[in-house]
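> Sequence below, structure please.
(one chain, ligands or ions: 1)
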Amino acid sequence: MSSSPSERGEWSSKTGFILAAAGSAIGLGNIWRFPYTAGENGGAAFLFLYLLCILFIGLPVMIAELSIGRHTRKDPVGAFDAIRPGSAWRLVGFIGVFTGLCILAYYCVIAGVTVGYIAKTLSGNTTSFTDYTASPMVTIPLLLLFIVITVLVVQGGVRNGIERWAKILMPVLFVLMIVLIIRSVTLEGASRGLSFYLKPDFSKITGKTFLAALGQAFFSLSLGMGAMITYGSYLSKRDNIVTSGILVSFFDTLIAVMAGLIIFPALFFAGKNPDAGPGLVFEVLPVIFAKLPGGALIGASFFLLLSVAALTSTISLLEVVTAYLVDEKHILRRKAVWIVAAIAFIFGLPSAMSMGAVEWLGELPLVGMSFFGFMDWLFGNVMLAVGAVFISIFFGWIWKRAKSTAEIEQGCPNYGAWAPVILFLLRFFCPIAIAIVLFFKFRELIAG
Ligand code: PFF
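I've put the predicted structure just below:
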């Protein structure tokens, strides 16, 4: 027996939902992953493609996920099953849940490092990112700490846990980022960073840039694995799915763009390389903190708030897997969260040891990336795109048009006028565009 909607809980208010969904979307993806991915892929040209991917692919998929979730009031597996009972579509939900578990595992590694940076910055420890993460005595306890904190919040349930935290702390992060932008763009030589980031050189666009931009769009918006199906399942029928989706995407994109405005001017000021990879933000931010009065304190507060942003994302990852165990396997919520946490910790160990602690994990045979990099590539990129193809097809072709339109019209009475556009994007544009990108991804993999 599945729980009834009232037992599942609902967001207490519209703003509560938007902040929680924005909390899921805004995280390390915006502030840690976006700048180094943009840096590796030509800066402004990448930013341009990224914005296109958000608008034409991310936003429609977000609307699809939220409406499937609210209509069925189920976890991702149950949601597909409710609309197409007994079909293989539930497998798509299942793959999403598994992807969530794997992302949770490696995401908590870097989130743990962020927590470690609070203390590191406060104590004035200047060890480099590479040396810092090479120690398993640092990365493993921090991984464990972050998973345990996530569990404690999720145990509180939808309203008390997720919503309360998101409401208070996201706005604080926003204000601190504005301060950091002002400091960064007024550094000497900032204009070179700004032009790298904002003046596109379209000759830099290659197939790889496209892959990176699309993958980053899904990762950043928390799409392709059912997180927004799960969050949509707690939405009330009065809420407007379209404007909620637009607002969440807007805030998410805004924070990523702002992170770029902090990082790139400072990076050029410090004479560092934009394609430094995953350590980029951790190496560049201290440069800005050092230029501010009370820099250690500001730096520590920033890493604290970044940890909270990461937490509102890990909460949503844990919530997807937990909702599956609660709804489909009828495991008590309290027990389910600890089961998921234990598996995520075990799955996270090789990633935690792949940043310098164990040599072969740092450079996996055959794939030529670190274990951490491989997890991010496979689950944070490829599997989200695969999930998004199926979600688009499901919404566009399997779910009856009249039903999806009726669902979205509740709370958004003029959706009818937009329905043809959204349907066109989800039926044709999204699946074809994502499939082409995936095809090139695999060709690239096979080639080398
Ligand atoms: N969107 C999060 C970020 O940008 O940090 C990461 C994430 C959370 C991805 C939840 C996927 C997900 F379901």
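
> count of neighbours near residue 381?
When counting by other C-beta atoms under 10 Å, one arrives at 21 neighbours for residue 381. Yep, even glycine has a C-beta here, placed from its N, CA and C like the rest.

> Now do the contacts for the residue of the chain found nearest the ligand.
Nearest to the ligand, among the residues of the chain, is residue 29, at 2.0 Å (C-beta to the nearest ligand atom). Counting by C-beta atoms under 8 Å, 6 or more residues apart in numbering, residue 29 touches 216, 219-220, 256, 313.

> Please apply the same query to residue 132.
So residue 132 contacts 113, 116, 120, 138 (C-beta under 8 Å, 6+ apart).

> So what's the gap between stretch 392-407 and the chain middle?
Put simply, stretch 392-407 sits 25 Å off its chain's centre (C-alpha atoms, centre = their mean, to the nearest Å).

> And the contacts of that stretch?
With C-beta under 8 Å, 6+ apart, stretch 392-407 has contacts from 60-61, 64, 67-68, 70-71, 80, 83-84, 89, 92, 241, 415-416, 419, 423, 426-428, 430-431, 434.

> List only buried entries from those.
60-61, 64, 67-68, 70-71, 80, 83, 89, 92, 241, 415, 423, 426-427, 430-431, 434 (16 or more other C-beta atoms under 10 Å).

> Which members of the residues you listed occur in helices, if any?
The helices, defined by DSSP state H, take in 60-61, 64, 67-68, 70-71, 80, 83, 92, 241, 415, 423, 430-431, 434 from the buried ones among the contacts of stretch 392-407.

> Write out the residues of this protein neighbouring the ligand.
The chain comes close to the ligand at residues 24-25, 27-30, 100, 103, 219-220, 222, 225, 227, 313, 316-317, as judged by C-beta under 6 Å from any ligand atom.

> Can you report how many residues neighbour residue 13?
Neighbour count of residue 13, defined by other C-beta under 10 Å: 14.

> Number the residues from 15 up from this point.
Sure thing, new numbering starts at 15, so read that last one as residue 27.

> where in the protein is pLDDT low?
15-23, 171-177, 179-180, 462 (pLDDT under 70).

> and if we set it to 50?
15-20 (pLDDT under 50).

> mind checking the longest helix of the chain?
Ranked by number of residues, the top helix in the chain under DSSP H is helix 309-343.

> and the next element down the chain from that one?
helix 347-366 (DSSP states H and E).

> any idea how far that following helix is from the chain center?
With C-alpha atoms, centre = their mean, you get 18 Å for helix 347-366.

> contacts for that helix?
115-116, 118-120, 122-123, 126, 150, 153-154, 157-158, 161-162, 164-165, 168-169, 171, 332, 335-336, 339-340, 343, 345, 372, 375, 385-386, 389.

> which of the residues in the helix or strand following it are buried?
Once the chain leaves helix 347-366, the next helix or strand it forms, by DSSP H and E, is helix 373-376. Within helix 373-376, the residues scored as buried using 16+ other C-beta under 10 Å are 375-376.

> Go ahead and measure how far helix 373-376 is from the middle of the chain.
With C-alpha atoms, centre = their mean, you get 26 Å for helix 373-376.

> Could I have the CA atoms of that helix written out in CSV?
What follows is helix 373-376, C-alpha atoms only, in CSV (Å, rounded to 0.1, in the frame of the first residue of the first chain):
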residue,chain,number,x,y,z
GLU,A,373,47.4,5.7,-7.0
TRP,A,374,45.4,3.4,-9.3
LEU,A,375,42.1,5.0,-8.2
GLY,A,376,43.6,8.3,-9.2
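
> Quick check on residue 368: phi, psi?
For residue 368, the backbone dihedrals (degrees, to the nearest 10) come out as phi -100, psi 10.

> What distance do you get for it to residue 377?
9 Å (C-beta to C-beta, to the nearest Å).

> Which residues are in contact with each of these two?
residue 384.

> More neighbours: these two, which one.
Applying other C-beta under 10 Å to residue 368 and residue 377 shows that residue 368 carries more neighbours, namely 27 against 13.

> which residues touch the more buried one?
375-376, 384-387.

> Make CSV out of the residues you listed and add distance to residue 406.
Output for these, formatted as CSV (distance: C-beta to C-beta, whole Å):
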residue, distance to residue 406
375, 35
376, 36
384, 31
385, 31
386, 29
387, 27
